[in-house]
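Novice: sequence first, then the predicted structure, then my questions.
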Amino acid sequence: MPDLNIPSVVPNQIAGHEQPAASGQTFAKLDPANGREVCRVARSAAADVDAAVAAARAAQPAWGATTVVRRGEILRGIAILMQQHREALAALVARETGKSLKDARSETDAAIEMGFFVAGEGRRFYGRTTTSAAPNKAAFVMRQPLGVAGLIIAANTPIANVAWKAFPALLCGNGAVMKASEDTPLSAWAFGVLAKEAGVPDGVYNTVHGFGEEAGAPLVEHAGVDIVSFTGSTSVGRWIAETTGRRLAKTCLELGGKNPLLVCDDADLASAVTWTIGSAFSNAGQRCAAGSRIIVFDGVYDRFKAMLVEATGALKVGCADTDDFGPVINEEQLTAMLAAVERARAAGAVVLTGGVRLTDGPHRGGFFVAPTLIEGAGGGDDISRVELFGPITCLYRVHDFEEAVRLANDTPYGLTASIHTRSLHRAMAFIGRIQAGVAVVNGGTYGSEPHMPFGGLRQSGNGWREAGTEALDVYSDLKTVYVNHDPSAV
Ligand code: NAD
């Protein structure tokens, strides 16, 4: 029976062993709900990354030679264990992020679903059979592992972020080293515990904890890492691409967003308000797919704004299941997003509601930001272009569809986008013209299903897609095969 109680020091998991950082150093993991220390965490550096990569390299050939059906069965075992330990996993997610248990449970369920989806791919794992120009010659394409995958993730949906990378990386036959977010070490550690319990051979899957520059950068720079798969900010993603580009290592970047949600003059306004609230504020706005630019037609702007302000005012911020969203992940991010709101205000934007830290009663000591609505910012202003990753969204007034689409596409990003309209033609025109990896009609900018690809254009990524069978393209390479089965007669 695996023990998922919070350890006093969250250890690294290398070659099947839990161990402290080689330096013996630790750092404090704070509870975003109250700012108090939850536990300490191994503060890893290059030596720990070296050991983890060496373990993965040593274990990978046998794992890669295991049939993919068998690998899928072992991964299914992890998903089953995650189901059995759902409450414990959700409790860890809630504790390390401050989100409610309800939200942590649904995130855990999403991670489990990803496990089952990917495990099932072990019985498909399709290549391509085709024909040859020559007789007595077979031609087909199959997948092969890359080697060692370096996986680096953000803190916003921690167990789901682990699942989105670990399951497909392992299914494809790679060894892996996970660098968890320094803000969310617990669920990543728990996943490692369950992976071992499920029978993933020692060394195949390793986890190191620590800060980005100390533990993440050595993984990116490591010559023994064949693919780096990163979910995080665009600025770090750019550095990673430059670094891995020098040794031509495959690199999958899932980065930020500044996602538009259009409200047309024929929209169901009540529904549009509900989806706007979910897009902007669920998970405290800490989503790459958060709706941070709400683009509203002139004809319904004032009515929609009044409804949205009222609905925003009714939101409850806290960690209980009856609350709408919890704290942001750390004080540094909180300070940065509130500073951005102040700069917008100084530049002439109007803060309709929020824009402050909540410090009263149950919020004392925690990293809570009031749900924030801003209007009057220009499309070129910083607040309109820079991702804030918090419960902050901006309203824009436009004349018509043309202006709405132009503004929606006027962004350095291109991750998700949504339109609210009753016009099928408008919806189809939007789908055709919006420059985004995900387009939604009459829904939120967020929400993705495990069997569907997810990713974005421009500075939201570098062209790869996670989830779906497309994730297998990230973690495997192709081998083109010719078989002359009667060489004398080819
Ligand atoms: P971040 O880039 O600061 O950190 C993400 C991870 O990278 C952490 O584990 C961190 O330790 C590590 N890291 C930081 N510097 C590093 C370096 N020099 N080398 C290697 N690793 C390094 O991002 P964050 O603030 O933690 O997360 C929020 C960002 O993640 C947002 O931009 C959000 O949009 C993005 N995100 C994207 C997706 C997606 O699928 N597109 C999903 C979730 C989050």
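Specialist: Yep, that arrived.
Novice: so which residues on this protein come close to the ligand?
Specialist: 152-156, 179, 181-182, 211-213, 216-217, 220, 231-233, 236, 239, 254-257, 288, 387, 389 (Cβ under 6 Å from any ligand atom). No exception for glycine: its C-beta is placed from N, CA and C like everyone else's.
Novice: which residues in the stretch 101-250 of the chain form strands?
Specialist: Using DSSP state E, counting those that start in this stretch, the strands of the stretch 101-250 of the chain run over 128-130, 137-145, 148-152, 175-179, 205-208, 227-231, 250-254.
Novice: now mean neighbour count and mean pLDDT too, for the ones you listed, in TSV please.
Specialist: Shown next, in TSV, are the strands of the stretch 101-250 of the chain (neighbours: other Cβ atoms under 10 Å; pLDDT from 0 to 100):
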stretch	mean neighbour count	mean pLDDT
strand 128-130	10	95
strand 137-145	16	97
strand 148-152	29	98
strand 175-179	30	98
strand 205-208	29	98
strand 227-231	26	98
strand 250-254	23	98
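Novice: will you turn these into TSV that also has distance to residue 82?
Specialist: Below are the strands of the stretch 101-250 of the chain laid out as TSV (distance: least, Cβ to Cβ, whole Å):
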stretch	distance to residue 82
strand 128-130	33
strand 137-145	24
strand 148-152	17
strand 175-179	15
strand 205-208	14
strand 227-231	19
strand 250-254	22
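Novice: among these, which comes closest to residue 4?
Specialist: strand 205-208 (14.2 Å; Cβ to Cβ).
Novice: elements contacting that closest one?
Specialist: strand 12-14, helix 46-65, strand 175-179, helix 185-197 (3 or more Cβ pairs under 8 Å, 6 or more residues apart in numbering; DSSP states H and E).
Novice: what about 10 Å?
Specialist: strand 12-14, helix 46-65, strand 148-152, helix 158-171, strand 175-179, helix 185-197 (3 or more Cβ pairs under 10 Å, 6 or more residues apart in numbering; DSSP states H and E).
Novice: in the last one, which residues are buried?
Specialist: Taking 16 or more other Cβ atoms under 10 Å as the basis for neighbour counts, the residues of helix 185-197 that come out buried are 185-196.
Novice: separation between the nearest residue to residue 184 once chain neighbours are set aside and residue 178?
Specialist: Closest residue to residue 184 apart from its sequence neighbours, by Cβ to Cβ, 6 or more residues apart in numbering: residue 158 at 3.7 Å. Separation of residue 158 from residue 178 (Cβ to Cβ, to the nearest Å): 11 Å.
Novice: now do the shared contacts for these two.
Specialist: By Cβ atoms under 10 Å, 6 or more residues apart in numbering, residue 158 and residue 178 have these common neighbours: 188, 191.
Novice: check contacts around residue 446.
Specialist: 257, 259, 261, 275, 278-280, 282-283, 287-291, 415-416, 418, 438, 440.
Novice: what do you get if the cut-off is 6 Å, keeping everything else the same?
Specialist: 279, 287, 289 (Cβ atoms under 6 Å, 6 or more residues apart in numbering).
Novice: repeat for residue 250
Specialist: residue 227.
Novice: beta-bridge partners for it, please?
Specialist: residue 227 (DSSP bridges).
Novice: picking up where we left off before, I'd assumed residue 183 was in contact with the residue nearest to residue 184.
Specialist: No - the criterion here is Cβ atoms under 6 Å, and residue 158 misses it with residue 183 at 8.2 Å.
Novice: comparing the two, which residue is more hemmed in?
Specialist: When residue 158 and residue 183 are compared for neighbours, residue 158 comes out ahead with 31 against 20, by other Cβ atoms under 10 Å.
Novice: distance of the residue nearest the centre of the chain from residue 193?
Specialist: The residue lying closest to the centre of the chain (Cα atoms, centre = their mean) is residue 161, at 5.0 Å. Relative to residue 193, residue 161 is positioned 17 Å away (Cβ to Cβ).
Novice: partners of residue 26 in the sheet?
Specialist: residue 42.
Novice: looking at it now. What's its pLDDT?
Specialist: Looking at residue 26, its pLDDT reads 98.
Novice: over to residue 1?
Specialist: Residue 1 is given a pLDDT of 82.
Novice: right, so of the helices and strands packed on strand 205-208, which gets closest to residue 224?
Specialist: For residue 224, the closest of these is helix 46-65, at 4.4 Å, according to Cβ to Cβ.
Novice: residues in contact with that closest one?
Specialist: With Cβ under 6 Å, 6+ apart, helix 46-65 has contacts from 12, 14-15, 21-22, 145, 148, 173, 175, 177, 201, 203-204, 206, 208, 218-219, 222, 224.
Novice: residue contacts, the nearest residue to residue 200 once chain neighbours are set aside?
Specialist: Sequence neighbours aside, residue 74 is the residue nearest to residue 200 in space, at 5.9 Å (criterion: Cβ to Cβ, 6+ apart). Going by Cβ under 6 Å, 6+ apart, residue 74 touches 198-200.
Novice: so what's the spatially closest residue to residue 206 that is not a sequence neighbour scoring on pLDDT?
Specialist: Excluding the flanking residues, the one nearest residue 206 by Cβ to Cβ, 6+ apart is residue 52, at 4.1 Å. Residue 52 is assigned a pLDDT of 98 by the prediction.
Novice: and for the one 5 residues further on?
Specialist: pLDDT recorded at residue 57 is 98.
Novice: let me know how buried it is, in neighbour terms.
Specialist: 17.
Novice: doesn't residue 302 fall inside a helix?
Specialist: Yes - Residue 302 forms part of a helix when assessed by DSSP: H, G, I helix; E, B strand; the rest coil.
Novice: for residue 486, grab phi and psi.
Specialist: phi -140, psi 80 (degrees, to the nearest 10).
Novice: what's the answer for residue 462, then?
Specialist: Per degrees, to the nearest 10, the backbone of residue 462 is at phi -130, psi 30.
Novice: for it, give me its contacts.
Specialist: Residue 462 touches residue 253, counting by Cβ under 6 Å, 6+ apart.
Novice: what does the one 4 residues further on give?
Specialist: When contacts are counted by Cβ under 6 Å, 6+ apart, residue 466 is found next to 164, 254, 454.
Novice: at 10 Å instead, please
Specialist: With Cβ under 10 Å, 6+ apart, residue 466 has these contacts: 114, 161, 164-165, 168, 229, 231, 252, 254, 448, 450, 453-455, 474-475.
Novice: am I right that residue 408 sits in a helix?
Specialist: Yes - looking at residue 408 with three-state DSSP, it is inside a helix.
Novice: quick check: closest non-adjacent residue to it.
Specialist: Per Cβ to Cβ, 6+ apart, closest to residue 408 is residue 260, 3.8 Å.
Novice: which element is that neighbour on?
Specialist: Residue 260 belongs to strand 259-263 when assigned by DSSP states H and E.
Novice: give the pairing partners of that strand; include direction for each.
Specialist: Here, using DSSP bridges, strand 259-263 pairs with strand 291-297 (parallel), strand 416-420 (parallel).
Novice: low-confidence ranges in the stretch 301-450 of the chain?
Specialist: Residue ranges of the stretch 301-450 of the chain with pLDDT under 70: none are present.
Novice: thanks again, I'm all set now.
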